[in-house]
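Q: Need the 3D shape of this:
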Amino acid sequence: AVHGTVNDLAMMGAVPRWLTAGFVLEEGLPFDVLDRVLDAMSGAARAAGVPVVTGDTKVVERGKADGMFINTTGIGVLRDDFRPGPHAGRPGDAVLVSGPVGRHGMAVMAAREGLQLQSTITSDTAALPPLVELLRARVGGAVHTLRDPTRGGVATALTELAQAASVGVELDDSTRPVPEPVAAACAVLGLDPLYVANEGKLLAIVGREATQAVLDNMHAHPLGRNARLIGTVVAEHAPRVLMK
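A: Below you'll find the predicted structure:
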């Protein structure tokens, strides 16, 4: 909940400042579950440097809330010198991803469905503002678009960006950033890992001439140490995303 909200703000170029948190609790929810969630949220907010300044709770009848629903709202501050946007990608730009994808979505799916996988897949959820701030400070002018590939994964996020900018995107299958355990689990379940949700990875569309500089700076940060080039923005076949 915390990571998703601060990451959404960061993808707009904003510096997250404050959060609200609302809880809808089902009657009979164990207090130890609530305590674990509150501890995790407070720890995530402290690590992100964003205080939770207000909130609310509601209790509903048993069976009406699947245990617990949480909603968050974030407020951030935009800077004049850094305004990445979904419409800013242009032909020739490079498409980068900050690391391997699919771990978060597969970890959640395995837990929800009680899947017994040969290798344990753990979520890599993370707050991305520190990585975005590093990019802003060092190569901000080269960063045209940022997006966290959450619901719908990398493929859906890039399709939305291609539609917004009226461009095409070509991905290289040889650079597909999918960890082996995620690929194996997706194969068993009949899923394409590029459509699996993430929360802790970002896509960056950057000027081609600055590709290596952006990658070098991403590699210098723990959240981007496995960043790689995965594709190119093109003028052809807009607004489709194709895989070579």
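
Q: Which of the helices or strands spans M218?
A: Using DSSP states H and E, M218 maps to helix 211-219.

Q: who does whichever helix or strand comes after that helix touch, helix- and strand-wise?
A: Where DSSP H and E defines the elements, the next helix or strand beyond helix 211-219 is strand 228-234. The contact analysis (3 or more Cβ pairs under 8 Å, 6 or more residues apart in numbering; DSSP states H and E) places strand 228-234 against strand 94-97, helix 153-165, strand 168-171, helix 211-219. In short, each C-beta sits where N, CA and C put it, glycine included.

Q: Let me have these in TSV, adding distance to A204, mean neighbour count and mean pLDDT as columns.
A: Conversion of the helices and strands packed on strand 228-234 to TSV gives the following (distance: least, Cβ to Cβ, whole Å; neighbours: other Cβ atoms under 10 Å; pLDDT from 0 to 100):
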stretch	distance to A204	mean neighbour count	mean pLDDT
strand 94-97	5	24	98
helix 153-165	11	21	98
strand 168-171	13	20	98
helix 211-219	7	17	98
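
Q: Give me the pLDDT for the residue most central in space within the chain.
A: With distances taken as Cα atoms, centre = their mean, the chain has D148 as the residue nearest its mean C-alpha position (3.2 Å). For D148, the pLDDT comes out at 97.

Q: correct me, but it touches A204?
A: No. Contact criterion Cβ atoms under 8 Å: D148 and A204 do not qualify, at 10.5 Å.

Q: Just give the number of residues close to the closest residue to T156 other than its chain neighbours.
A: Setting aside the residues directly before and after it, T156 is nearest to Y195 in space (Cβ to Cβ, 6 or more residues apart in numbering), at 6.4 Å. The number of residues packed near Y195 is 17, by other Cβ atoms under 10 Å.

Q: How about P149?
A: When neighbours are counted by other Cβ under 10 Å, P149 comes out with 27.

Q: What strands flank the strand ranked longest in the chain, and is each parallel or antiparallel?
A: As assigned by DSSP state E, the longest strand anywhere in the chain is strand 15-26. Using DSSP bridges, strand 15-26 pairs in its sheet with strand 52-60 (parallel), strand 68-77 (antiparallel).

Q: so of the ones you listed, which one's packed in deepest?
A: Of the strands paired with strand 15-26, the one with the most neighbours on average (mean count of other Cβ atoms under 10 Å) is strand 68-77, at a mean of 15.

Q: List the residues that contact Q163.
A: P239 (Cβ atoms under 8 Å, 6 or more residues apart in numbering).

Q: on that earlier part again, please state the offset of the helix holding M218 from the chain centre?
A: Relative to its parent chain, helix 211-219 has a centroid offset of 19 Å by Cα atoms, centre = their mean, to the nearest Å.

Q: Which elements pack onto that helix?
A: Right, helix 211-219 is packed against strand 94-97, helix 129-139, strand 203-206, strand 228-234 by 3+ Cβ pairs under 8 Å, 6+ apart.

Q: Tabulate those in JSON lines, adding columns for distance to L29.
A: Shown next, in JSON lines, are the helices and strands packed on helix 211-219 (distance: least, Cβ to Cβ, whole Å):
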{"stretch": "strand 94-97", "distance to L29": "37"}
{"stretch": "helix 129-139", "distance to L29": "31"}
{"stretch": "strand 203-206", "distance to L29": "36"}
{"stretch": "strand 228-234", "distance to L29": "41"}
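
Q: Quick one, which of the ones you listed gets closest to P86.
A: P86 lies closest, by Cβ to Cβ, to one member of these: strand 203-206, at 9.2 Å.

Q: Could I have the CA atoms of that closest one written out in PDB?
A: What follows is strand 203-206, C-alpha atoms only, in PDB (Å, rounded to 0.1, in the frame of the first residue of the first chain):
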ATOM      1  CA  LEU A 203      10.400   1.400 -16.800                       C
ATOM      2  CA  ALA A 204      12.300   4.400 -18.200                       C
ATOM      3  CA  ILE A 205      12.100   5.700 -21.700                       C
ATOM      4  CA  VAL A 206      15.200   7.800 -22.300                       C
END
